[in-house]
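J.: pasting the sequence and the predicted model now:
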Amino acid sequence: MKTHHQRTALITGANKGIGKEIARQLAQRGFAVFIGARDMAKGREASEELCQAGYEVTCIHLDVTDPVSIRTACGTFSQKADHLDVLVNNAGVLEDHGEDILNLNTEMLDRTLKANVTGPILVIQDFLEHLQKSKSGARIINVSSGAGALNDMTTYAPAYSISKTALNAVTRQFAGALRGENIAVNCVDPGWVRTDMGGSNASRPVEKGAETIVWLATEAPQSETGKFWHDKKEVD
Ligand code: NDP
């Protein structure tokens, strides 16, 4: 059965970490949630766990580095829902291993850009037709990082930092292009979060990491667009 009236959300890379927590919080608020996962076994495990908790969650195969996978995911989505209200580009990779820009492995940089920058661009392009059918005004949130802030750029993880700075630029580009279409586009630094990527020493639980993203998806004024957020405040 197709979802007509309920608000819908798609979160990429939502089989674990911050993405899974965003899925949980949006489902808790009544959204029909679609979890994107590049590994269906992991994706199904996450969606089944959330369904058992009483939420409406569906898993869709979506590898953000594979244009065919994104297109196919878009077709699968259209069989299950007739509109998309919230798209969270959460999937991301951090492959840097301590080398600085002087020794940067540019093949690794290319892989990082493909996942963290080209992927979100393709996902937005392909899902735009569904976002344009949102009745409440659609919202796109790109999960960036403090490492992407130009005003606080360190030499840490150059490939990852460059990719997140680029993602912030992508956010501004789409916000400008979609102004007038009632589609808000923002990016978020979730802080240092305890996940496989953030590690066990990180200061924040996933609940806190998801907070500003969920706020932008649900409560922030629709007029807020093209901005970079941390803890519900705009940052440079
Ligand atoms: P995790 O490593 O826990 O989760 C990353 C998710 O992205 C996984 O579901 C992973 O899938 C998925 N993913 C990776 N590559 C692809 C791909 N090609 N296609 C689809 N999914 C993919 O990381 P976090 O939850 O910590 O990170 C979520 C987002 O938050 C990322 O964009 C990250 O850069 C950002 N962030 C995280 C911070 C932190 O401290 N944790 C700080 C700042 C930003 P799989 O399980 O198959 O690997």
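T.: Arrived safely. Nothing here was measured: the structure is a model prediction, and the numbers come from that model.
J.: what's in contact with stretch 167-183?
T.: Contacts with stretch 167-183, where a contact means Cβ atoms under 8 Å, 6 or more residues apart in numbering, come from 89, 116-117, 120-121, 124, 128, 131-132, 134, 137-140, 142, 144, 148-149, 184-187, 222, 225-228. (Glycine included, C-beta is placed from N, CA and C.)
J.: nope, stretch 122-130 is what I meant
T.: Contacts for stretch 122-130 (Cβ under 8 Å, 6+ apart): 10, 12, 62, 64, 67, 70-71, 73-74, 77-78, 81-84, 87, 89, 131, 140, 174, 183, 185.
J.: mind checking which of those residues are in helices?
T.: 67, 70-71, 73-74, 77-78, 131, 174 (DSSP state H).
J.: on that earlier part again, just the buried residues of the contacts of stretch 122-130.
T.: Buried subset of the contacts of stretch 122-130 (neighbour count, 16 or more other Cβ atoms under 10 Å): 10, 12, 62, 64, 70, 73-74, 77-78, 81, 83-84, 87, 89, 131, 140, 174, 183, 185.
J.: give me the subset of the contacts of stretch 122-130 touching the ligand.
T.: When contact is defined as Cβ under 6 Å from any ligand atom, those meet the ligand at 12, 62, 64.
J.: want to throw the residues you listed into a markdown table with distance to G191?
T.: Output for those, formatted as a markdown table (distance: Cβ to Cβ, whole Å):
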| residue | distance to G191 |
| --- | --- |
| T12 | 20 |
| L62 | 25 |
| V64 | 22 |
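J.: out of those residues, who's nearest L94?
T.: V64 (14.5 Å; Cβ to Cβ).
J.: state the distance from that closest one to S47.
T.: 18 Å (Cβ to Cβ, to the nearest Å).
J.: of the ones next to the ligand among the contacts of stretch 122-130, which is the nearest to T195?
T.: The shortest approach to T195 among those belongs to T12, at 14.8 Å (Cβ to Cβ).
J.: how about the helices in the protein?
T.: 17-28, 40-52, 67-80, 106-113, 119-131, 158-178, 206-218.
J.: just put these in TSV and tack on mean pLDDT.
T.: Shown next, in TSV, are the helices of the chain (pLDDT from 0 to 100):
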stretch	mean pLDDT
helix 17-28	98
helix 40-52	98
helix 67-80	98
helix 106-113	98
helix 119-131	98
helix 158-178	98
helix 206-218	98
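J.: can you redo those as TSV with distance to V193?
T.: Formatted as TSV, the helices of the chain follow (distance: least, Cβ to Cβ, whole Å):
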stretch	distance to V193
helix 17-28	6
helix 40-52	17
helix 67-80	25
helix 106-113	19
helix 119-131	19
helix 158-178	14
helix 206-218	4
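J.: what's the most buried one of these?
T.: Compared across those, helix 17-28 shows the largest average neighbour count, a mean of 25 (mean count of other Cβ atoms under 10 Å).
J.: that helix - contacts with which helices or strands?
T.: Identification of packing neighbours for helix 17-28 by 3 or more Cβ pairs under 8 Å, 6 or more residues apart in numbering; DSSP states H and E yields strand 8-11, strand 32-37, helix 40-52, strand 86-89, helix 206-218.
J.: which residues touch stretch 192-207?
T.: Here stretch 192-207 makes contact (Cβ under 8 Å, 6+ apart) with 16-18, 20-21, 25, 92, 94, 146, 190-191, 208-209.
J.: how far away is R29 from the ligand?
T.: Here the criterion is Cβ to the nearest ligand atom, to the nearest Å. By it, R29 lies 20 Å from the ligand.
J.: give me the neighbour count for that residue.
T.: R29 is flanked by 15 other residues according to other Cβ atoms under 10 Å.
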